[in-house]
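In: Quick one, structure for this:
(chains A and B)
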Amino acid sequence: MKELLIELVRKGLERCFADGTLSSGLLPTIIIEKPAHADHGDFATNAAMLLAKAEKKAPRAVAETLIKHLEGSADICDRVEVAGPGFINFHVKDDAWRTTLLAIDRAGADYGQSRIGGGERVQVEFVSANPTGPLHIGHGRGAAIGDTICRLLAVTGWDVTREFYYNDAGQQIVNLALSVQARCLGLEPGDPRWPADGYQGDYIMDVARSYLAREKVDADDQHVTAAGDPHDLDAIRRFAVAYLRREQDQDLTAFDVHFDVYSLESSLYADGRVEAVVRRLIESGHTYEQDGALWLRTTDFGDDKDRVMRKADGSYTYFVPDVAYHLDKWERGFTRVINEQGADHHSTITRVRAGLQALNVGVPKGWPEYVLHQMVTVMRGGQEVKISKRAGSYVTLRDLIDEVGRDATRFFFVMRKPDSQLVFDIDLAKQQTLDNPVYYVQYAHARIRSIFENAAEKGFVPPETGSAPLGRLATQEEMTIIKTLAAFPEVVEGSALNFEPHRITYYLQELAGQFHSFYNKNRVITEDVELTAARLFLLKCVARTLKNALAMLGISAPEKM
RNA sequence: GCGCCUGUAGCUCAGCUGGAUAGAGCAACGGACUUCUAAUCCGUAGGUCAGAGGUUCGAAUCCUCUCAGGCGUGCCA
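Out: Sure, this is the predicted structure:
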């Protein structure tokens, strides 16, 4: 609908310029928006106000001129009028609105999709948790946001690759192996022989027990059988990594999050990519030695201080393999890469980009793109649940899924825009009441299915496309719903382009609310066969749109509740 | 000190990239079940958009400064 009007206005302006009634010839970017108030019509454009200055005429006068040159508007609109300081308001015909239902029904499961991505490849890296413990609530938010962004990009025409990167080589992993070994030997935290930075969580005991029992673990990307020898630290390390990766995979699977590619930091060292990047950075002239360390002059690329690449002990700081990894992404041909991360790691952005710029291989300055999510605090019983990773006490993603369910957990994680800190109220998420938005939305879907079941018993079936007497849809509630349904593709597009999954949750709540409102005022199944058919058709479109939107969030649309 | 994020109704948050009279859900108050799911709906009340300047036809939105909170600012990741 919006596109039709943009085209209408554009042609109108061209006519004005052609016959000289408007002289500037400046074609502004035509913006069609939805006015805040219903009396201002369905759509409005500010084109005349934008042109007023160049035309040296009053905005309203420009608007009047433009309206006279809009041809074909009568097909779509009842009224087109100048309003306020110079807006042009479009009042779209009810029939034009009703017609959109046919397109929705025809599109079916594809309704809401578009091709703005043009089939371009895009890689999204998210979660990327190190295999040193279970996924916590912060990873959960990252998983939900990252996966939803992938789903949104996929339905808007991108070719999406989901990637998970993890560190299986650094000091953290050594600490992990030492911790498991300590447990194998029966040590406990506090023992003088307990490793200095050991992991104290109980899950370490599970790893040790499994290792000693010579179990075999299958992660998505790793398959390891335990050696069982408590003195073989290398074998313990390999086993522990695979074990914890498997745990993470199980959690992610339960969350309906799946990856196409796993990238290991160790592989960057093993095949020399890290060394190669260091060599190329030195050749670039952006490095120097000082205090026994090798530095990258990241201040050449907007950082506020230079950063150490190679420490005095000869090992590399974390961002060097990060640069090597991102160079690899670039060389794999991903011109578009999005990294979803916690905002607590935002300092890596400048460093990774600086490293890539220093390499001078044609990487654009803003590449890769980042979506950062702010912290999550967990509330239970009105109290904040404190997180202490060292002591091993924190709310895991698994806890949440088990306790509040996958659907509610996913909904809550994407309900706020990533930039906002999120308060995850476990009690609220668990409630199966109207306070809980995910149930509110799902209930709308289940309710419609229930109506269909009821209708079927009376011999009514939602009509096929084209055969529905749409003209019978005339109440205010019905028209409101139709207009909301018609806006869905734009909402999806905006949500995808801005990496803002929360827009879908707001849309869902709005549509569900409008349906509930309609339901309470109108009966669907009545003696009036035509009206019944029309309303069943409308509800078919509502259920379809709810289901499609929920699917974009990885949330189910239940038939019954 | 510096960088990033945030500040909108009592609470939790939207506000479509600068539009017309700033919205929703909770909480509060008052209503609606002999009818397709009351897990619902209808109504009332609630605002110095943190504050001060600026940009322009027009600012919650853009710029500057101030205040408050979070996160970073490591030869940790």
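In: For the rest of this, base every contact and every neighbour count on C-alpha atoms.
Out: OK.
In: Tell me the buried residues in the host helix or strand of A:D249?
Out: Secondary-structure assignment from DSSP states H and E places A:D249 in helix A:233-254. Using 16 or more other CA atoms under 10 Å as the burial criterion, the residues of helix A:233-254 that qualify are A:235-252, A:254.
In: Which SSE is immediately downstream of it?
Out: Helices and strands here follow DSSP H and E; after helix A:233-254, the next one along the chain is strand A:261-264.
In: Show me what the following helix or strand past that following strand is packed against.
Out: Beyond strand A:261-264 on the C-terminal side, the first helix or strand identified by DSSP H and E is helix A:265-270. Helix A:265-270 makes packing contacts with helix A:319-331 when contacts are defined by 3 or more CA pairs under 8 Å, 6 or more residues apart in numbering; DSSP states H and E.
In: helices or strands next to the helix holding A:D249 in the packing?
Out: Against helix A:233-254 (3+ CA pairs under 8 Å, 6+ apart) you get helix A:171-184, helix A:203-212, strand A:216-218, strand A:223-225, helix A:397-404.
In: Need the winner for burial among those.
Out: Comparing these by mean neighbour count (mean count of other CA atoms under 10 Å), helix A:171-184 ranks first with a mean of 22.
In: Run the angle between it and helix A:203-212 for me.
Out: On the basis of axes from the mean of the first three to the mean of the last three CA atoms, to 10 degrees, helix A:171-184 is oriented at 70 degrees to helix A:203-212.
In: what packs against helix A:171-184?
Out: Helix A:171-184 is packed against helix A:203-212, helix A:233-254, with contacts defined by 3+ CA pairs under 8 Å, 6+ apart.
In: Any idea which of these gets closest to A:S114?
Out: Closest of the helices and strands packed on helix A:171-184 to A:S114 is helix A:233-254, at 27.6 Å (criterion: CA to CA).
In: So which residues make contact with the closest one?
Out: By CA atoms under 8 Å, 6 or more residues apart in numbering, the residues outside helix A:233-254 that reach it are A:131-135, A:143, A:168, A:173-174, A:176-178, A:180-181, A:207, A:211, A:217-220, A:222-227, A:229-230, A:258, A:397-398, A:401, A:406.
In: cool, and stretch A:461-476?
Out: Where contact means CA under 8 Å, 6+ apart, the residues beyond stretch A:461-476 that reach it are A:95, A:98-99, A:102, A:105-106, A:452, A:455, A:479, A:530-531, A:533-537, A:540.
In: ok, and does it reach over to RNA strand B?
Out: No - using CA under 7 Å from any atom of the strand, we find that stretch A:461-476 stays clear of RNA strand B, coming within 11.4 Å at best.
In: Report the buried residues of that stretch.
Out: Judged by neighbour count (16+ other CA under 10 Å), stretch A:461-476 contains these buried residues: A:V461, A:P462, A:P463, A:A468, A:L470, A:L473.
In: out of those residues, which are inside strands?
Out: Residues of the buried residues of stretch A:461-476 located in strands (DSSP state E): none.
In: could you dump the residues you listed to JSON lines with pLDDT and distance to A:A324?
Out: As requested, these are exported to JSON lines (pLDDT from 0 to 100; distance: CA to CA, whole Å):
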{"residue": "A:V461", "pLDDT": "82", "distance to A:A324": "59"}
{"residue": "A:P462", "pLDDT": "80", "distance to A:A324": "56"}
{"residue": "A:P463", "pLDDT": "78", "distance to A:A324": "57"}
{"residue": "A:A468", "pLDDT": "80", "distance to A:A324": "59"}
{"residue": "A:L470", "pLDDT": "91", "distance to A:A324": "59"}
{"residue": "A:L473", "pLDDT": "93", "distance to A:A324": "60"}
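In: quick one: which of those residues is nearest A:G381?
Out: Using CA to CA, A:P462 comes nearest to A:G381 of the buried residues of stretch A:461-476, at 45.2 Å.
In: quick one: the closest one from RNA strand B, how far?
Out: Here the distance between A:P462 and RNA strand B works out to 12 Å (CA to the nearest atom of the strand, to the nearest Å).
In: what does A:A533 give?
Out: As defined by CA to the nearest atom of the strand, A:A533 lies at a distance of 11 Å from RNA strand B.
In: List only those of the contacts of stretch A:461-476 flagged as buried.
Out: A:R98, A:L102, A:D105, A:F452, A:A455, A:L531, A:A533, A:A534, A:R535, A:L536, A:F537, A:K540.
In: what's the first one in contact with, if anything?
Out: A:R98 sits next to A:L470, A:G471, A:L473, A:I482 when contact means CA under 8 Å, 6+ apart.
In: And for the last one?
Out: Residues touching A:K540, when contacts are defined by CA under 8 Å, 6+ apart, comprise A:D105, A:I448, A:P462.
In: possible to save these as a markdown table with distance to A:E7?
Out: Rendered in a markdown table, the data for those read as follows (distance: CA to CA, whole Å):
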| residue | distance to A:E7 |
| --- | --- |
| A:D105 | 25 |
| A:I448 | 36 |
| A:P462 | 34 |
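In: Can you tell me which of the residues you listed is nearest A:S517?
Out: Once CA to CA is applied, the member of the contacts of A:K540 that ends up nearest A:S517 is A:I448, at 12.9 Å.
In: Surely that closest one touches A:L539?
Out: Yes - the pair formed by A:I448 and A:L539 meets the contact definition of CA atoms under 8 Å, at 6.6 Å.
In: Name the spans of chain A whose pLDDT lies under the cut-off.
Out: In the predicted model of chain A, residues A:387-393, A:434, A:466 satisfy pLDDT under 70.
In: and the gap between A:L294 and A:C150?
Out: In this structure, A:L294 and A:C150 are 38 Å apart, going by CA to CA, to the nearest Å.
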